[in-house]
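[1] kindly generate the corresponding structure for this input.
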Amino acid sequence: MRTQWHRSEPKTLRPFFAVRSVEETTHHAAIKIAENAASVEDEVIDVDEIDLRQLQISIKPNIVASDEWLPAGFAADDLELAIFCRSPFLKNSIIVGTYSLEQPMPEEVSVSDEILQKLGGGRELRITVALVLVADKERQAGMPFSMGHWLSSKTFHLRERKLQTMFDVKTRTSEEWVEANYPPKTLYSVVYIGGIDAAGDENGPIADVHIHLDAYNRMAGEKIGETLEPMLSVEMIAQVLEQSLADWRDYDEAPPGSPLLNLTKKITNADKPSLAELKKIVTNQSLLRAVLQDKIGVLSYVTSGGN
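    This is a model prediction of the structure:
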């Protein structure tokens, strides 16, 4: 595997009109984010806190034999497939692997846990599959010529689904807690609004969540926030499921596209979500919180102080 390799400027800045036959070679690459998940060709994949604690990412390059598209003037050993991960937040990139076109392409390439941890645990991760030039060539109009030039690429974006998409998170001062008929030093409250069984992404938050302003400010950007946030996530999800139970108690299956189905997949089984199993868990307060603590990985946050 190549250890010395550099990213060139984006392909869109270079008019490589002479090699357009190559542009779609990476377009059917697919990604899988968990061991039992299906591979998808989608370039944007929404993940939530539970997903992040169970990531097992692999890439299927799905590159056809080079003799079907190799442009004139190029040999198979002029190009290689490069797979690398990038964290925009950490401003860091790590090469997962490079593969010569002279050799059979791997069917699947795994992204190690070590790489994920170095790049923030998978939050807002970008994974690029690119066909690149491996050595400098003589400059010609419309042709790539510098090592690392991209001829074709596809980037997968693991987009973190924030709590705000399910919860409307707001702050309250001590005075505002009193006005809302709560004790002044209340840390947080969760009030289910409705819509856990509604399909679609346009329904808005399904719960109102208020956090004491002092705690919110202390959590922002500090280590204590890295520990408290997953604990609050457990309570928010648990209380929403408990408060909403009457809305879905009589269902045999969670409605397609609903927050309820998403939670059922995360808490029971992604491939075979069981609403019956979820009902049993939700009716046992202690078990519900234990399961969520396990799924979200609260223990690792407490023992390590975050990712």
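
[2] sketch out the low-pLDDT regions of the stretch 201-307 of the chain for me.
    201-203, 220-223, 304-307 (pLDDT under 70).

[3] which strands and helices lie in contact with the longest helix belonging to the chain?
    Scanning the chain for the helix with the most residues, using DSSP state H, yields helix 223-248. On a contact count with 3 or more Cβ pairs under 8 Å, 6 or more residues apart in numbering; DSSP states H and E, helix 223-248 meets strand 188-192, strand 207-212, helix 213-219, helix 259-267, helix 275-282, helix 285-296, helix 298-304. Every residue, glycine included, has its C-beta placed from N, CA and C.

[4] columns mean neighbour count on top of the ones you listed, output as JSON lines?
    Formatted as JSON lines, the helices and strands packed on helix 223-248 follow (neighbours: other Cβ atoms under 10 Å):
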{"stretch": "strand 188-192", "mean neighbour count": "17"}
{"stretch": "strand 207-212", "mean neighbour count": "20"}
{"stretch": "helix 213-219", "mean neighbour count": "15"}
{"stretch": "helix 259-267", "mean neighbour count": "21"}
{"stretch": "helix 275-282", "mean neighbour count": "16"}
{"stretch": "helix 285-296", "mean neighbour count": "17"}
{"stretch": "helix 298-304", "mean neighbour count": "14"}
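
[5] can you tell me which of those is nearest to D252?
    Ranking the helices and strands packed on helix 223-248 by proximity to D252 (Cβ to Cβ) places helix 275-282 first, at 6.8 Å.

[6] the closest one vs helix 223-248, what angle?
    On the basis of axes from the mean of the first three to the mean of the last three Cα atoms, to 10 degrees, helix 275-282 is oriented at 120 degrees to helix 223-248.

[7] still on that earlier bit, any buried residues in the longest helix of the chain, and which?
    Buried residues in helix 223-248, counted by 16 or more other Cβ atoms under 10 Å: 225-234, 236-241, 243-244, 247-248.

[8] distance check, the residue nearest the centre of the chain against V291.
    For the chain, the residue sitting closest to the mean C-alpha position, by Cα atoms, centre = their mean, is L158 at 3.3 Å. Taking Cβ to Cβ, to the nearest Å as the measure, L158 falls 24 Å from V291.

[9] K265 too?
    Look at K265 and V291: by Cβ to Cβ, they are 13 Å apart.

[10] pretty sure the residue nearest to the centre of the chain is in contact with I33, am I right?
    Yes. Look at L158 against I33 with Cβ atoms under 8 Å: they come within range, at 7.1 Å.

[11] quick one: the longest helix of the chain to strand 188-192, angle?
    Angle, helix 223-248 to strand 188-192, by the same axes, to 10 degrees: 20 degrees.

[12] how far out from the middle of the chain is helix 223-248?
    Helix 223-248 has its C-alpha centroid displaced from the chain centroid by 20 Å (Cα atoms, centre = their mean, to the nearest Å).
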